[in-house]
Structure formats: C-alpha cells, structure tokens
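[1] I need the structure of the sequence given here:
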Amino acid sequence: MPNIAFVNGRFMPLAQARVSVEDRGFQFGDGIYELIRTYAGRIFHLDDHLQRLEQSAAAIGLSIVYSKSHWKAILEEARTRSRYPDAKLYIQITRGAAPRDHSFPKKARMSVIVTVRKLTPLPTDLREKGVAVMTVPDLRWGRCDIKSINLLPNIMARQKARSAGAFEAVFIRDGRVMEGAGSNVFAVIGGRIITPPKGPAILPGITRDQVIAQARESRDPLLEKGVSLEELLAAEEIFLTGTTVEILPVVQVDGKTIGDGRPGQTTRRLCRQFQQTTYR
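    As a prediction, the model looks like this:
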C-alpha cells in the first residue's frame, strides 16, 4: 500500500512530491494545515476539519479556491489510492512561491499539498495504563487557534517532554493550563469534566468537540472553563484528546501521580463510547 501525495492538482508517490524552495511555507511558515484520519476507510468528521481549515485560512488572509465538494473528491481519491484502512491525511496550504519578501505577494498561486500515510494506532498498553506528561511554559504566539504550519514551539516542547520520559508536553500560561503540544487537555475535578474554553490560546480540536458532545449526551457534568496548574495536579482524572491519540488517560503530571495512578472511571467510559462511535 503506497504513501501518496497530491500537489497542486496531481497525484504522485510521496517520494516524488516537490515544492519550490521559494514557497512561502518553506521560507516563512506562511501556511496552514489539517490532519484528518480515517477509521476502517471512513474519513472522520471531514466537514468539521474543512470548516476549521477555512477558518484558519481566513485568519491569515488566505483565499482558498477549492470548494468543499472539491476537497471531498480529492481526499476520497487520496484515501482510495492509498488503500490504507486507517490513514493520516494531511492537508497543507501555503501562500505559494514568490520572491522572498515579508509582504504578501500580489501574483503568487497558493500551494495545495495532501499527503497520505498509514496510521499506526497507539500501543494498547498506553490506553490501559495511562501516560505521563510534563508541563512547560507556553512560549507560542497569540493565535494558537489558527492551525499554522509554524510548529517549532510545539516541537521543542514535545522533544523536551520525550527526553524527560513523558508522552506529552502541556503548555502553561500565566498559571493556567492551555493544551498539549499536540492535544487538548481534560480534567475531572470534583466529579465534573473540565476543559479550557475555546479562544485564541488553544486550537479548537475536532476530537475535543466530539468528546464534549458525547459527554453532554451522556449528561455528564461538563464545564469549559480555565484550569489552574494547581487544580490540574489535584484532579481525580486527566485525559488528552486528539486526532491520533483519540482519548488517552494521563496518570502522572510532572512526576505527581494523578488519582490512584490508573486511568479513571470517567476516562475509561468516555474512551469506550468514543471507540464504539468511530468503529461502528
């Protein structure tokens, strides 16, 4: 089964995909992206991902010429060509190739790239035993709600976490929990599920929204509100959400055990419900 790419209207093997060295994505990080996954050949919440893509594009003044129906046709063909039942579909859009200048180019044509790779699920024992995370200062820019290809702060934070033996880095800004380097954060505090609210400081995760909808359908007490680092460390349960991690229990933060050191009851139930929804 091949890893493939779609570059400005053409499909090709991923190894053959190329963009200009003058592409503004390479020169300036002037672009946006989406990560979408499939479950048993079915694309997960494509409309929600495309809506977020459009929101990111509008926020940086980038006009996307593809319609939703055109995007769907491209992504379905990419999925079909790859033949992976579970795949990662990346969309990257940049402002295109132009002579290096900070100002927006007047005549550049945007670059549209889609890549498809096999998705390898997380090891089962991580979901059964939970993971450790570490907190790091949030040094990112002020518009984290834009899914920008500028990910250097996230990369550095996650590398710091991995070097320390932690699965994920959690950003802390002014004593408040923001999100993970590649995930959203939920905590069970006083029997209520709490997650930081949407806004410029966090990316509005698609899986995050599905988990919130799922919890509300189950009539779980849920709040979207700020969470302090002290509250996080004292939580009964913590879990991460994201396209590739789905719902992942956290059992340790900065070396401190959360709850009894095992995935909590609420987290395990939400995880079961999510799995039933995605694979049915």
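
[2] Please enumerate the strands of the stretch 101-250 of the chain.
    Secondary structure of the stretch 101-250 of the chain (DSSP state E, counting those that start in this stretch): strands at 111-118, 131-137, 168-173, 176-180, 184-189, 192-195, 222-224, 237-242, 246-253.

[3] highest average neighbour count across those?
    Neighbour counts (mean count of other C-beta atoms under 10 Å) averaged over each of those peak at strand 237-242, with a mean of 26. No exception for glycine: its C-beta is placed from N, CA and C like everyone else's.

[4] now for that strand, which elements pack on it?
    Counting contacts by 3 or more C-beta pairs under 8 Å, 6 or more residues apart in numbering; DSSP states H and E, strand 237-242 packs against strand 131-137, strand 184-189, helix 206-217, strand 246-253, helix 265-279.

[5] Kindly recompute the last result at 10 Å.
    For strand 237-242, the helices and strands in contact under the criterion 3 or more C-beta pairs under 10 Å, 6 or more residues apart in numbering; DSSP states H and E are strand 131-137, strand 168-173, strand 176-180, strand 184-189, strand 192-195, helix 206-217, strand 246-253, helix 265-279.

[6] what about the nearest residue in space to residue 30 that is not next to it in sequence, distance to residue 55?
    In this structure, residue 30 finds its nearest non-sequential neighbour in residue 24, 3.8 Å apart by C-beta to C-beta, 6 or more residues apart in numbering. Distance from residue 24 to residue 55, counting by C-beta to C-beta, to the nearest Å: 20 Å.

[7] For the two, work out which one has more neighbours and name it.
    Neighbours were counted for residue 24 and for residue 55 using other C-beta atoms under 10 Å; residue 24 has more, 23 against 14.

[8] and that one, what are its phi and psi?
    phi -70, psi -20 (degrees, to the nearest 10).

[9] cool, and the one 5 residues further on?
    Phi and psi for residue 29, reported as degrees, to the nearest 10, are phi 70, psi 30.

[10] residues contacting it?
    94, 148-152 (C-beta atoms under 10 Å, 6 or more residues apart in numbering).

[11] Per-residue pLDDT of the residue lying closest to residue 102 once chain neighbours are set aside, please?
    Nearest residue to residue 102 in three dimensions, chain neighbours excluded: residue 28, at 7.5 Å (C-beta to C-beta, 6+ apart). Listed pLDDT for residue 28 reads 97.

[12] so where is the chain shaky, pLDDT-wise?
    1, 279-280 (pLDDT under 70).

[13] Could you list the domains of it?
    4-118, 124-279 (automatic domain parsing).
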